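> one predicted model, sequence on top.
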Amino acid sequence: MELPPIGLGTMGVDDPSTITTALDVGYRHLDTAQIYDTEGVIGDGLAASTVDREALIVATKVWADSLAPDDVSETTQASLHRLGLERVDLLYVHRPIDSYDPERTLAAFDQLYSDRIIGGIGLSNFTIDQLETARNLLSAPIAAHQVEFHPLWWSEALLTHAQTHDYQVVAYSPLAGGTVNEIEAVVDIATTHDTTPETVAIAWLLSKPNVVTIPKASSRRHLEANLAARQLTLTDDECRRIDDIDRTLELYPE
């Protein structure tokens, strides 16, 4: 599955016009989750948009309390109803905790994939060992692994695993919860390029093979600014400088 370099994270989005505006300015990947309570907002935004459905990738996630096989099927159907879709392009295991049982949960995801109710299987917040278990159990390929990934928190091991096994890392919270404008190295690089620290952080992510990202934004200005990061190319030295920042801020620990 080839995901667009920059998609839209929708946790906290409460206005369908944000979705229609995002689609209007060029977003083609919308990311939500059952626990975000934004699937209905996205459904309303999709219904109001004239963008061709076939041009979009819509992703959602099954929460940890619904990972028993019957619950996977039932809650996925409920997600489709809220989204107003017959099929979701990418369905994630949100976290491998609580009711997650590798054999039974992943078999249920495989069944949804075989039935063409979902277009791809994603995993989120997995360790290397958990990814390896999933690879061995799934019949379908892993399409994506969604993890927290920003200058103050990321895993080289997880990135290498994705590159080795040819699936995509979807970086959430790429702006470090709004703190990238306080990171000296990122601010200095932004000044060099006459741009913003947010743009630099996104461009740094996109410089890494197999990485895409889903920053949150609501205003047209911020939506457009995030997309514009595709046009910024950082030097190898600048990327290494960001790579070397101490990784001290995990926003969403288990």
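Nice, thanks for sending it over. Residues are numbered from 1 along each chain as shown.

> can you give me the strands for the protein?
Assigned by DSSP state E, the strands in the chain fall at 8-9, 29-31, 57-62, 90-93, 121-124, 142-148, 168-172, 211-213.

> return the residue of the protein that is most distant from the centre.
Centroid-distance maximum for the chain: T192 at 28.8 Å, with Cα atoms, centre = their mean.

> could you find the closest non-adjacent residue to A171?
F149 (3.4 Å; Cβ to Cβ, 6 or more residues apart in numbering). For the C-beta atoms, the positions are set from N, CA and C on the backbone; glycine is no exception.

> ok, now which ones touch the closest residue in space to R230 that isn't next to it in sequence?
Nearest non-adjacent residue to R230, counting by Cβ to Cβ, 6+ apart: P5, 5.8 Å away. By Cβ atoms under 8 Å, 6 or more residues apart in numbering, the contact set of P5 is 206, 212-213, 230.

> hang on, the earlier thing: doesn't T213 make contact with the residue nearest to A171?
Yes: contact status for F149 versus T213: in contact at 7.4 Å, counting by Cβ atoms under 8 Å.

> where do the contact lists of the two overlap?
Taking Cβ under 8 Å, 6+ apart as the criterion, F149 and T213 both touch 171-172, 174, 205.

> tell me where the protein has helices.
16-25, 39-48, 69-83, 102-114, 128-137, 156-165, 184-193, 197-206, 220-228, 236-243 (DSSP state H).

> tabulate the shared contacts of F149 and T213 (JSON lines), appending neighbour count.
Formatted as JSON lines, the shared contacts of F149 and T213 follow (neighbours: other Cβ atoms under 10 Å):
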{"residue": "A171", "neighbour count": "24"}
{"residue": "Y172", "neighbour count": "20"}
{"residue": "P174", "neighbour count": "28"}
{"residue": "L205", "neighbour count": "24"}
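
> tabulate these (JSON lines), appending distance to H29.
Converted to JSON lines, the shared contacts of F149 and T213 look like this (distance: Cβ to Cβ, whole Å):
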{"residue": "A171", "distance to H29": "12"}
{"residue": "Y172", "distance to H29": "12"}
{"residue": "P174", "distance to H29": "13"}
{"residue": "L205", "distance to H29": "14"}
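
> any idea which of these is closest to D110?
Comparing those against D110 with Cβ to Cβ places Y172 closest, at 24.5 Å.

> so that closest one sits against W153, correct?
No: counting by Cβ under 8 Å, Y172 stays clear of W153, with 10.7 Å between them.

> now do the contacts for Y167.
141-145, 210.

> circling back to that earlier point, what's the spacing between the closest residue to the residue farthest from the centre of the chain other than its chain neighbours and D166?
The shortest distance from T192 to any non-neighbouring residue, by Cβ to Cβ, 6+ apart, is to E238 (7.8 Å). Distance, E238 to D166, using Cβ to Cβ, to the nearest Å: 27 Å.

> next one: phi and psi at the residue nearest to R230?
Dihedral angles of P5 (phi, psi; degrees, to the nearest 10) stand at phi -60, psi -40.

> so who does the nearest residue to G12 once chain neighbours are set aside touch?
Distances taken as Cβ to Cβ, 6+ apart place K216 nearest to G12, at 6.8 Å, with adjacent residues excluded. By Cβ under 8 Å, 6+ apart, K216 lies in contact with 8-13.

> kindly report the same for P151.
Contacts of P151 by Cβ under 8 Å, 6+ apart are 176, 180, 183, 185-186, 201, 204, 242, 245.
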